[in-house]
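A.B. asks: would you be able to build a 3D model of this:
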Amino acid sequence: MAFTTKSALTRRKFLTLASTASAGIALAACAPAATPTAAPAKPAEAAKPAEAAKPAAPATGKPKLTIWLSKSFTPEADAVQKEIVTKWADAKGVDLTLVQELSTVLTPQFNAAIESKTLPDVLVWPSPDWMPKLYSLGLLEDVSDIVAKMNAQGGGMLDKPIKAVTNAGKQWAVPTYGATEVFYVRKDILDAKNLQPPKTWEDILKISEQINSPGKTWAWGVQIGPPSYDSEIATLSMLASYGSSPYAEDGKTPNLNNDGTRTVLKMFKDAWDKGYIPKDAVTWDDAGNNKAYLTESAAIVQNTGSIIAAMRKDNPDLLKRTYITPIAEGPKGRVLAGYVYGMMIPKGSKNLDLAKDLLTTYVSVDNQKRIVEAAGTNYMPFYKDLQKLPMWDDPFNKTLIGQLPDVVAVGHPGPTTLWALEAWRTHTMAEMINKVLIEKVSIDDAIKETEAKLVKYYKQFNP
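C.D. replies: Numbers count the residues shown, from 1 in each chain. Okay, here's the model as predicted:
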């Protein structure tokens, strides 16, 4: 099935919210067991001695529910989310266990909760493999009814996030927000050559030829380092825009051996051979292109809004000399592989109706609006009406939110699968590029070797 594509465990961007659980709460406290209120006995039954001898359940017993919520880099948004669910619990008379911590705390508890069958009633995901893992184990509830309600309000939702949580015609999770990337381009350098910012990937090479200054300001600070998950995102996006996403629509077949992949790899090789790309780019981690742009050693980079934030804070002069534009297009349009986040309901809740009611309340337009406004650009809503809020009128923010309709999940154009996520986790696309650039493997051989690796991953997760 299709799900989110980038792990909050590795993502350093301020745009990414890490969904979480508290280390201080024992897993037993996360069990979704409920204590139902006993029905009052009829007068005639109460008079029977046998009945009178049985202990009665407390009349004040409350149904119990557990939710694991987000903890992010915007405390204001965290506070709003907490308020929404606690206010709901008070109104419904529910004994709510709220877990809200960092994903590094939640991850081991998540795996343990699967083994001990103590998953919470409502769960966010901080890592892209959580939803497909639960789905493959048959541990997700169908939430198509909630998604249908969402799509009937707030101007409707974007189609691609819904596709990202759909399998066999049903939605198994609720998409709530996304994050995007943009191009940062040195306006002063382009203006000196009477050049416009790149609109296509081919434009980058044409511009690079005229502005490249090795040792001072390399033209294209593209992420190609295997240590970087940004390398996977950038490469997957570029491949998809050429119709050569590594995964076919059936979710079972690799899609690398085609002219689109060969074109993309040739572009990387040409740019590398001509010195347009910094030579240390193959060693960059996720912060590599941030540093390259902020130190003015690269003229064009792709990144989230984190670079905007850094320039606003520490280098407003560089911000004045910067174009912030949509990422480039290919023959198949603009595609941004990456960021779909949301919530799900694991199977096993003894209060499924309450869990659905809580989730429906949480994702209502009004409550999502409150979260969006508190989080700033950290939380980009899938409701179309919320993409028109005044906060998005800022030119930079407008460019960021404008990319949201182009966001797809890992596995595009098919479902997100465990084998596709394994390929992403092991930096398979970046390794393919490095085979061509560093190991001098031919493009055709690099494609064949990478495709064989994809087949191996498929067999590993589909024995």
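A.B. asks: CA atoms for contacts and neighbours, from now on please.
C.D. replies: Fine.
A.B. asks: which residues in the stretch 251-400 of the chain form strands?
C.D. replies: Taking DSSP state E, counting those that start in this stretch, the strands of the stretch 251-400 of the chain run over residues 298-303, 322-325, 336-337, 340-344, 380-381.
A.B. asks: switch these over to a markdown table; also include mean pLDDT and mean neighbour count.
C.D. replies: What follows is the strands of the stretch 251-400 of the chain, written out as a markdown table (pLDDT from 0 to 100; neighbours: other Cα atoms under 10 Å):
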| stretch | mean pLDDT | mean neighbour count |
| --- | --- | --- |
| strand 298-303 | 96 | 26 |
| strand 322-325 | 96 | 21 |
| strand 336-337 | 92 | 28 |
| strand 340-344 | 90 | 28 |
| strand 380-381 | 94 | 26 |
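A.B. asks: among those, which is nearest Trp125?
C.D. replies: Proximity to Trp125 (Cα to Cα) singles out strand 340-344 among the strands of the stretch 251-400 of the chain, at 6.5 Å.
A.B. asks: ok, back up a step: nearest to Ile277, out of the strands of the stretch 251-400 of the chain?
C.D. replies: Across the strands of the stretch 251-400 of the chain, closest to Ile277 is strand 298-303 (Cα to Cα), at 8.4 Å.
A.B. asks: work out which residue lies at the spatial centre of this protein.
C.D. replies: The chain has Tyr339 as the residue nearest its centroid, 2.9 Å off, counting by Cα atoms, centre = their mean.
A.B. asks: correct me if wrong: that residue contacts Pro405.
C.D. replies: No. Using Cα atoms under 8 Å, Tyr339 is not in contact with Pro405, being 11.2 Å away.
A.B. asks: domain assignment for the chain?
C.D. replies: Domain assignment for the chain, taken from automatic domain parsing, gives 18-39+61-179+339-408, 182-336+426-461.
A.B. asks: the last one: end-to-end distance?
C.D. replies: Spelled out, that is domain 182-336+426-461. 34 Å (Cα to Cα, to the nearest Å).
A.B. asks: ok now it, how far from the chain's centre?
C.D. replies: Centroid separation between domain 182-336+426-461 and its chain, computed with Cα atoms, centre = their mean, to the nearest Å, is 19 Å.
A.B. asks: ok, which stretches of the stretch 251-400 of the chain are helices?
C.D. replies: Secondary structure of the stretch 251-400 of the chain (DSSP state H, counting those that start in this stretch): helices at 259-273, 288-294, 306-314, 316-320, 352-362, 365-375, 395-402.
A.B. asks: scratch that, the stretch 1-150 of the chain
C.D. replies: 43-46, 49-53, 75-92, 103-116, 130-136, 144-151.
A.B. asks: one step back: TSV for the strands of the stretch 251-400 of the chain, including distance to Arg370?
C.D. replies: Compiled in TSV, these are given as follows (distance: least, Cα to Cα, whole Å):
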stretch	distance to Arg370
strand 298-303	26
strand 322-325	27
strand 336-337	26
strand 340-344	16
strand 380-381	11
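A.B. asks: of all the ones you listed, which one comes closest to Pro413?
C.D. replies: strand 336-337 (10.3 Å).
A.B. asks: in its sheet, what does the closest one sit against?
C.D. replies: With DSSP bridges as the test, strand 336-337 is paired with strand 407-408 (parallel).
A.B. asks: list of residues touching the partner strand?
C.D. replies: Under the contact criterion Cα atoms under 8 Å, 6 or more residues apart in numbering, strand 407-408 has outside partners 160-161, 164, 178, 180, 335-340.
A.B. asks: try 6 Å
C.D. replies: Residues outside strand 407-408 that contact it (Cα atoms under 6 Å, 6 or more residues apart in numbering) are 336-337.
A.B. asks: now that strand: average pLDDT?
C.D. replies: Averaged over strand 407-408, pLDDT sits at 90.
A.B. asks: starting at the chain centroid, how far to it?
C.D. replies: 9 Å.
A.B. asks: show me where pLDDT drops low in this protein?
C.D. replies: For the chain, the stretches flagged by pLDDT under 70 are 1-60.
A.B. asks: adding distance to Thr417, write the domains of the chain out as TSV.
C.D. replies: Output for the domains of the chain, formatted as TSV (distance: least, Cα to Cα, whole Å):
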stretch	distance to Thr417
domain 18-39+61-179+339-408	6
domain 182-336+426-461	7
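A.B. asks: Asp280: neighbouring residues, count only.
C.D. replies: Counted by other Cα atoms under 10 Å, the residues lying close to Asp280 total 11.
A.B. asks: likewise for the one 3 residues further on?
C.D. replies: Applying other Cα under 10 Å, we find 13 residues neighbouring Thr283.
A.B. asks: try Ala91
C.D. replies: Ala91 has 9 nearby residues by other Cα under 10 Å.
A.B. asks: separation between it and Asp357?
C.D. replies: To Asp357, Ala91 is 12 Å away according to Cα to Cα.
A.B. asks: please apply the same query to Tyr341.
C.D. replies: Distance, Tyr341 to Asp357, using Cα to Cα: 20 Å.
A.B. asks: what's the angle from the lengthiest strand in the chain to helix 75-92?
C.D. replies: Taking DSSP state E as the assignment, the strand of the chain that covers the most residues is strand 64-71. Between strand 64-71 and helix 75-92, the angle formed by their directions is 170 degrees, by axes from the mean of the first three to the mean of the last three Cα atoms, to 10 degrees.
A.B. asks: strand partners (parallel or antiparallel) of strand 64-71?
C.D. replies: Sheet pairing of strand 64-71 (DSSP bridges) gives strand 18-19 (antiparallel), strand 95-100 (parallel), strand 122-124 (parallel).
A.B. asks: just give me how far it sits from the chain centre.
C.D. replies: Computed by Cα atoms, centre = their mean, the chain-centroid distance of strand 64-71 equals 19 Å.
A.B. asks: use 2 as the first number for this chain going forward.
C.D. replies: With the count now opening at 2, the last piece we talked about shows up as strand 65-72.
A.B. asks: that one to helix 104-117, inter-axis angle?
C.D. replies: 150 degrees.
A.B. asks: could you list the buried residues of strand 65-72?
C.D. replies: 65-72 (16 or more other Cα atoms under 10 Å).
A.B. asks: TSV for those residues, including distance to Arg371?
C.D. replies: Shown next, in TSV, are those (distance: Cα to Cα, whole Å):
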residue	distance to Arg371
Lys65	26
Leu66	23
Thr67	22
Ile68	19
Trp69	19
Leu70	16
Ser71	15
Lys72	16
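A.B. asks: contacting residues around the nearest residue in space to Val283 that is not next to it in sequence?
C.D. replies: Nearest residue to Val283, sequence neighbours excluded (Cα to Cα, 6 or more residues apart in numbering): Gly226, at 3.9 Å. By Cα under 6 Å, 6+ apart, Gly226 lies in contact with 282-285.
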